Every structure is written in structure tokens, then in C-alpha cells.
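Chemist: Build me a model from this:
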Amino acid sequence: MKLATLQTEQGTTVVSVVDQENELTFFDLRAFDESLPRSLKGILSLENGLERARQAAAQAQEADQQITGTLLAPIPQPGKVLCIGLNYRDHAEETGMPFPDEPVCFSKFSSAVTGPEHPIRIPAIAKEVDYEAELVAVIGKTCRNVSQADAPQYIAGYMNGHDVSARDWQIGRPGGQWLLGKTADTFAPTGPYLVTADEIDDANNLPIKLTLNGEVLQNSNTDNFIFTIEEVIQFVSQFMTLEPGDIIFTGTPPGVGMARKPPIYLKPGDQAIVEIQGLGVLQNSVEMWN
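Modeler: Alright, predicted model coming up:
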């Protein structure tokens, strides 16, 4: 099942999605279950929220109960935005860095999250803003101290993500400004929808690529993870309670702009596209934000 968040004239609501060659059609869940929350985080928080959404989606599609609006991020305001750095073997090799012994964790604020077709806005103070295609895992149930074996039952689904990074702040300032370099507004596009975990055979084996202005700059597979999604959830859940709607960016493959010679950084007018097999297409333009 594919679920998205849509801004309509009546407000924000969760819809089911049919994707035919990147032509998206939206179906109104609340037309058949008015008690469903209007947010995906709210649906995930219900005991049987996804099952109720699945039943409403089937009815809406059978009745052709379509709805229109503007796509937002599937989860516009996640409680936590966790990110894993240096998590692809081929990316570590391109940077010349040793494989980490444990997941390297950082975070973004929820204000960094934005949706498909919404612009990535570069702050005037940032001069070297990089692209990073990433698979994003979405937590579906509250959990803490989860084992790797049990981790899959706490994953609601997956979506495309783009970990935009101001390298001149992240690593170019004295001491490094990881937080400021990573969490500027719009620096965490996600979408266009969430795909429930039952539709993904193996999230640790998915082709992933980023295209910038028609040129493929990142092209790899999540089977290059240093730490699987299950290992990441086991690791971070030792420190914090994960809750429905929390999202985890799982790292980026090789081909990032700062590793190229000469470097390639995002600039106004660019079009960036993240594609992960089965998760649709996340496209964002780039503009300056003065």
C-alpha cells in the first residue's frame, strides 16, 4: 500500500496512491472511514491504523473516489529525524575513510522536512551544498531496546529521502558544525509517498540513484550498507524510544558532490531526483533563500 499526505481545500489528509509510471492518482480514505486521523503519524499511532487504512483504500479505489491536492512530505512533522552517516561501503571507499565500528548517528529538526516538488532552499550563508540520496525507514510502533530479529515488526514502511548537506558548515568550520550543516529548512525532502513494508521484499537490497539535471551522479544499491536497517534500529533503540512516525535516513551511496573532482554542489535552477526501486520518484528544484 502506498500512502501520501495531501493538502486539499478542506485541509491536510492522508490518501492512498496508485502510481502508474510516475503518474499519481490519489484516493480519499476518509470518504470510507471518517474516523481515520488526517495525519499519517496519527494512523500509525492507532492499534490497527494501517489495516483500517488498507480497507478504506480498497473501498476508495473500487469506488474510484479520487481526490486532488498538493503533495506534502508523507510525514510532514516527524517526532524524530535520525540519520546515519557513512553507511555504504562504496561511499566510505570513495572518501578514503575506514568503515565505522558502529552506526554514526546525527539528527535533523522536523523543520528540515519538505515534500516532493517543493524547492530545496539554500541559505545565503551556505556556499557548498551537497546532494545525498537516501532510503528512509519509517517507524510504525513504539519500541525500545529492540533486537535485530524483532526490528522488522516496528517498521511501517519506506520512502525516498534526500539528505541535503552544507559541507562548508558540516566539515568546513572549526570543530565542524554538523547540526547547522544538516538541518537548514528544506534540507530533508521525503516522498512522494510511503510504501508499507509488506510491499518491499528486502529493503537491504534496493537499487538507489540520484539524478541531477538529467545526469546520474549516484547509482548504487542498499546491499552496500555497512549496517543494515535492522542493525541501525537495534543500535539507536538502546538510547531512545522510537515512536510511530519517527523517520531514519539510512546513509548515502557514493557519487556525492564533495568527492568529485572538481566538486559538484547544488545551485539555483538545479533539478534533483531521488529514485529507489519501488518507492517512486522524489523530485525537487533548487533555489536561493535570502
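Chemist: For this protein, which segments count as helices?
Modeler: 40-45, 49-62, 89-95, 167-170, 178-182, 229-236 (DSSP state H).
Chemist: Confidence-wise, which of those is weakest overall?
Modeler: With a mean of 84, helix 89-95 has the lowest mean pLDDT of these.
Chemist: which residues are contacting it?
Modeler: Contacts of helix 89-95 with the rest of the structure, by Cβ atoms under 8 Å, 6 or more residues apart in numbering, involve 86, 98-100, 220, 224-226, 251-256, 259. For the C-beta atoms, the positions are set from N, CA and C on the backbone; glycine is no exception.
Chemist: hang on, the earlier thing: distance to residue 1 and mean neighbour count for the helices of the chain - can I get that in CSV?
Modeler: Shown next, in CSV, are those (distance: least, Cβ to Cβ, whole Å; neighbours: other Cβ atoms under 10 Å):
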stretch, distance to residue 1, mean neighbour count
helix 40-45, 11, 22
helix 49-62, 5, 18
helix 89-95, 31, 16
helix 167-170, 36, 20
helix 178-182, 31, 19
helix 229-236, 19, 21
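Chemist: sorry, back to before: select from the contacts of helix 89-95 the one having the most neighbours.
Modeler: Neighbour counts for the contacts of helix 89-95, by other Cβ atoms under 10 Å, peak at residue 252, which reaches 29 neighbours.
Chemist: I figured that residue hits residue 130, correct?
Modeler: No. Assessed by Cβ atoms under 8 Å, residue 252 is found out of contact with residue 130, at 9.2 Å.
Chemist: For the stretch 151-290 of the chain, which segments count as strands?
Modeler: Along the stretch 151-290 of the chain, counting by DSSP state E, counting those that start in this stretch, strands occupy 155-162, 165-166, 188-196, 207-212, 215-221, 247-249, 271-276, 281-289.
Chemist: Kindly check the end-to-end length of stretch 101-110 for me.
Modeler: Stretch 101-110 has its terminal residues 28 Å apart, counting by Cα to Cα, to the nearest Å.
Chemist: right, I mislabeled it, should have said stretch 269-278
Modeler: One end of stretch 269-278 sits 27 Å from the other (Cα to Cα).
Chemist: okay, and the helix or strand of this structure with the least pLDDT?
Modeler: For the chain, using mean pLDDT, DSSP states H and E, the weakest element among its helices and strands is helix 89-95, scoring a mean of 84.
Chemist: Alpha carbons only: can I get that one in PDB?
Modeler: Coordinates of the C-alpha atoms in helix 89-95 are reproduced here as PDB (Å, rounded to 0.1, in the frame of the first residue of the first chain):
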ATOM      1  CA  ARG A  89      30.900   0.500   1.900                       C
ATOM      2  CA  ASP A  90      31.300   2.000  -1.600                       C
ATOM      3  CA  HIS A  91      30.800   5.600  -0.200                       C
ATOM      4  CA  ALA A  92      33.400   5.000   2.600                       C
ATOM      5  CA  GLU A  93      35.800   3.800   0.000                       C
ATOM      6  CA  GLU A  94      35.400   6.900  -2.200                       C
ATOM      7  CA  THR A  95      36.000   9.200   0.800                       C
END
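Chemist: Distance from it to the middle of the chain?
Modeler: In terms of Cα atoms, centre = their mean, to the nearest Å, the centre of helix 89-95 is found 21 Å from the chain centre.
Chemist: which residues touch residue 103?
Modeler: Residues near residue 103 by Cβ under 8 Å, 6+ apart: 84, 87, 227, 231, 232, 235, 236.
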